[in-house]
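*Asks:* fold the following, please.
(2 chains)
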Number of protein chains: 2
Amino acid sequence: MQVVSAVPYPGRVLPPHLPCPAAFRRGGGATTLGLCHATLNARGTTAAVFAFRAAAEPITVVSVDLGDRSYPIYIGAGLLDNGALLRKHVPGVTALIVTNETIAPFYLERAVAALADGGGIRVEVVVLPDGEEYKTMEVLMTVFNKALDAKLDRQTTFVALGGGVIGDMTGYAAASYQRGVHFIQIPTTVMAMVDSSVGGKTGVNHPAGKNMIGAFYQPRCVLIDTDTLKTLPDREFASGVAEIVKYGLIRDADFFEWQEANVDKLILREDDALVYAIERSCANKAEVVVLDEKEGGVRATLNLGHTFGHAIETGIGYGEWLHGEAVSVGMVMAVDMSERLGWVDSSIKERTIALLNKCKLPVVVPKCMTVQTFHDLMAVDKKAANGKLRLILLRGELGECVFTGDFDQDKLSETLEAFVGESR
Amino acid sequence: MQVVSAVPYPGRVLPPHLPCPAAFRRGGGATTLGLCHATLNARGTTAAVFAFRAAAEPITVVSVDLGDRSYPIYIGAGLLDNGALLRKHVPGVTALIVTNETIAPFYLERAVAALADGGGIRVEVVVLPDGEEYKTMEVLMTVFNKALDAKLDRQTTFVALGGGVIGDMTGYAAASYQRGVHFIQIPTTVMAMVDSSVGGKTGVNHPAGKNMIGAFYQPRCVLIDTDTLKTLPDREFASGVAEIVKYGLIRDADFFEWQEANVDKLILREDDALVYAIERSCANKAEVVVLDEKEGGVRATLNLGHTFGHAIETGIGYGEWLHGEAVSVGMVMAVDMSERLGWVDSSIKERTIALLNKCKLPVVVPKCMTVQTFHDLMAVDKKAANGKLRLILLRGELGECVFTGDFDQDKLSETLEAFVGESR
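*Replies:* Coordinates of the predicted model:
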């Protein structure tokens, strides 16, 4: 490993706006290592953020603490070339990189070189077609075919190099190949970095529904090289930022304020802003996942805006809008409804819309959606219980939310009417 | 649940030959419940055998202790009609029975009735073609299709009704559907009862190898109705008995002696003998699996005779011999080699052959096998490490074995020569 020395928090390049965020101070729980500047979780040592200074580049580490399935998320510019760091998590002498035809020309060669260790590790590659429509069992079989052709054994490591689709498919392949092999994620989109990299959800789609076949399976590590975002198209970049905004709204007011102050740097993809936003997002998600790994309760709050958003995605046809774009509008709708219920101050909605606008994310429902379409599509939401719709809504101060089916139905209708009307 | 009262061990119908087996006495660890007559494992409370008297029928219970993935194995004649017992392990209001076209005419109606609770639980059914050649991802997709057509949600329970193929496929489907739903096994072959019902191995075959795609996934319970063995063809029955003999050889001398004394009753499929042999086999396997859930070490000992056996299965073409038939010959070869190494007394080989003969199992290598074929096929065994073949061999008293690559290679050659010569 190239991390030759480690220094505490001030040694790291920090966004100047917030040298020691309040959310970090609120922890107070036991630190896991002397290096740890603070724990994030007031309820115990569940997710911790460490700061190292490496020989070549600074590395930020978010630790996802899931007992014997714990793993680190490494974040930094240029990490893809840090082969020693990667290979620390490759127990055997073989690896299989799964990527797609869009990502391969940019990053495959570097990933192979980093893993191969000058030939010490045999690195096999499978390149899948790019797109959600290829997230199928049929395409997944080509991964198994490749692994078996190459005679990879149970000690092999599957490495996902790409966005959410590649991560989900590779994770499920790793969970299933010979009943489970090692797994590493190298996400190359904001969405995959701040959402898919934490939580262990893997799988493929079925014609009857998204992610219907899969597994909960944790990686051995996640390596996030923020440089890989430099080639990401603007719309995809913004789509991932919607999830970053979400973490601020549901549980981290300080982070929301940091975003308001640093949105320009974030959109310009400045290294420091990227690293901090990703670190803070992963840490927030890790805290929630540690509390609720299999999605029984609090994990549902990560779906702020998603019920409205899924209705939009389905209503206008999958693939028209990116996931984060639909979530962006969905979050505005959830905040609007929260305000109508009298649960939050009206300034929160204004700030949310202002921030999303600056992130170049949509805040208005697409024209083809009707109130009836919303009602119909939201009725089949997975979070419904006994036929009753449940939503994540803001309640209280900025950064506080509830997951509930106990709300005035009229307010839901008012929100739908307002947004559908607005889009005419 | 129809178990209205529970009495200690003597209340149960016991094989007269062995009222209180020494292996049970050797335990001495803490009992899990007052009902427990003894623990089986001297190293702690890992697997326990309980005896109940139910309203309708006696139920023997083997508990597989895997922390929050623990589950009971219920064993008894007529249990398939004990709906209350089954439904205790169905948390939701829907279930999907997966079975095949051979089993369905005999037992499907009863299984549906037992689960349905007069309509309280919606029971869906999918009937697969019968045979190892259908243990594929393609056929597995029909299970997912059915589950999605029937709009089964995450709270549903998949129920395997059949032999090992159905159990493996249903388990993997349950592990993967919506990232994991509840799972119950109702095995209907000896092999599935004494082998597949413990250990959580699930999966499907790939053209390049058996069980190459799958998961470790534990059921909520296993329900073994010994009556279902009454319709099992003789060869399939004997094949499963080979695994029963194996447990005696590798770790349970008393059980081996019980088999020698009761083999006629076992072959005649008398209820008491069946229940006892299955209980003792499951308890033995449970102890091993608890020590080594993911097959890192001691679990390999469950493969006594399997390396030789797999070579035979592959050498003569899959499907010619049943798995247990090949394992039977393989065990004789392993014992023969152990004797040549001077590790066991020659009487053990004689007794093993005599017992297997009475079980109507083969003890001679099929004619088409050559020494070279054995060498070639054994070289690719999954248990090999760094190119060195490792075998499970007997060493010491009856019921003691080792898993080792440290043996005189000449003795292996002598065994191969002897068996190949013998079959000419």
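
*Asks:* what's the domain layout of chain A?
*Replies:* A:9-291, A:298-422 (automatic domain parsing).

*Asks:* save these as TSV, and put in mean pLDDT and distance to residue B:324 too.
*Replies:* Just so you know, the C-beta spots here come from the backbone N, C-alpha and C atoms, and that holds for glycine as well. Shown next, in TSV, are those (pLDDT from 0 to 100; distance: least, CB to CB, whole Å):
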stretch	mean pLDDT	distance to residue B:324
domain A:9-291	85	22
domain A:298-422	92	44
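
*Asks:* would you mind finding the most buried of those?
*Replies:* Among these, domain A:9-291 has the highest mean neighbour count (mean count of other CB atoms under 10 Å in any protein chain shown), at a mean of 20.

*Asks:* is any part of it close to chain B?
*Replies:* Yes - judged by CB under 8 Å from any CB of the partner chain, domain A:9-291 and chain B are in contact via A:137, A:141, A:144-145, A:148-149, A:153-154, A:172, A:175-180, A:201-203, A:206, A:208-209, A:211-216.

*Asks:* which of the residues you listed fall within strands?
*Replies:* A:201-203, A:206, A:209, A:211-216 (DSSP state E).

*Asks:* mind listing what residue A:376 touches?
*Replies:* With CB atoms under 8 Å, 6 or more residues apart in numbering or on different chains as the criterion, no residue contacts residue A:376.

*Asks:* try it again at 10 Å.
*Replies:* A:311, A:314-315, A:370 (CB atoms under 10 Å, 6 or more residues apart in numbering or on different chains).

*Asks:* same check, this time on residue A:326
*Replies:* Applying CB under 10 Å, 6+ apart, the residues near residue A:326 are A:239, A:242, A:305-306, A:308-316, A:318, A:320, A:361-362, A:365-366.

*Asks:* next step: these restricted to strands.
*Replies:* Going by DSSP E, the strands hold none of the contacts of residue A:326.

*Asks:* hmm, back to that, farthest-apart pair in the contacts of residue A:376, please.
*Replies:* A:314 and A:370 (13.2 Å; CB to CB).

*Asks:* surely residue A:131 meets residue A:319?
*Replies:* Yes - Residue A:131 lies in contact with residue A:319 (CB atoms under 10 Å); the separation is 8.4 Å.

*Asks:* for chain B, what's its nearest residue on the stretch 1-150 of chain A.
*Replies:* Relative to chain B, the nearest point of the stretch 1-150 of chain A is residue A:148 (4.0 Å; CB to the nearest CB).

*Asks:* how about the helices in chain A?
*Replies:* Under the criterion DSSP state H, helices of chain A are mapped to A:22-25, A:83-87, A:104-116, A:137-149, A:164-176, A:190-191, A:234-251, A:253-267, A:271-291, A:306-316, A:323-340, A:346-358, A:371-378, A:409-422.

*Asks:* how about these, which one is nearest residue A:96?
*Replies:* helix A:137-149 (5.7 Å).

*Asks:* which strands and helices sit next to the closest one?
*Replies:* Under the contact definition 3 or more CB pairs under 10 Å, 6 or more residues apart in numbering or on different chains; DSSP states H and E, helix A:137-149 sits against strand A:94-100, strand A:122-128, helix A:164-176, strand A:201-206, helix B:137-149, strand B:201-206, strand B:209-216.

*Asks:* kindly recompute the last result at 7 Å.
*Replies:* For helix A:137-149, the packing partners by 3 or more CB pairs under 7 Å, 6 or more residues apart in numbering or on different chains; DSSP states H and E come out as strand A:94-100, strand A:122-128, helix A:164-176, helix B:137-149, strand B:209-216.

*Asks:* next, see if the last one gets close to chain A.
*Replies:* Okay, so that is strand B:209-216. Yes - part of strand B:209-216 sits near chain A under the criterion CB under 7 Å from any CB of the partner chain, namely B:209, B:212-216.

*Asks:* which residues sit in contact with the residue nearest to residue A:191 when sequence neighbours are not counted?
*Replies:* Leaving aside its chain neighbours, residue A:191 sits nearest to residue A:240 (3.9 Å; criterion: CB to CB, 6 or more residues apart in numbering or on different chains). Each residue near residue A:240 by CB atoms under 7 Å, 6 or more residues apart in numbering or on different chains is listed here: A:189-191, A:194, A:324.
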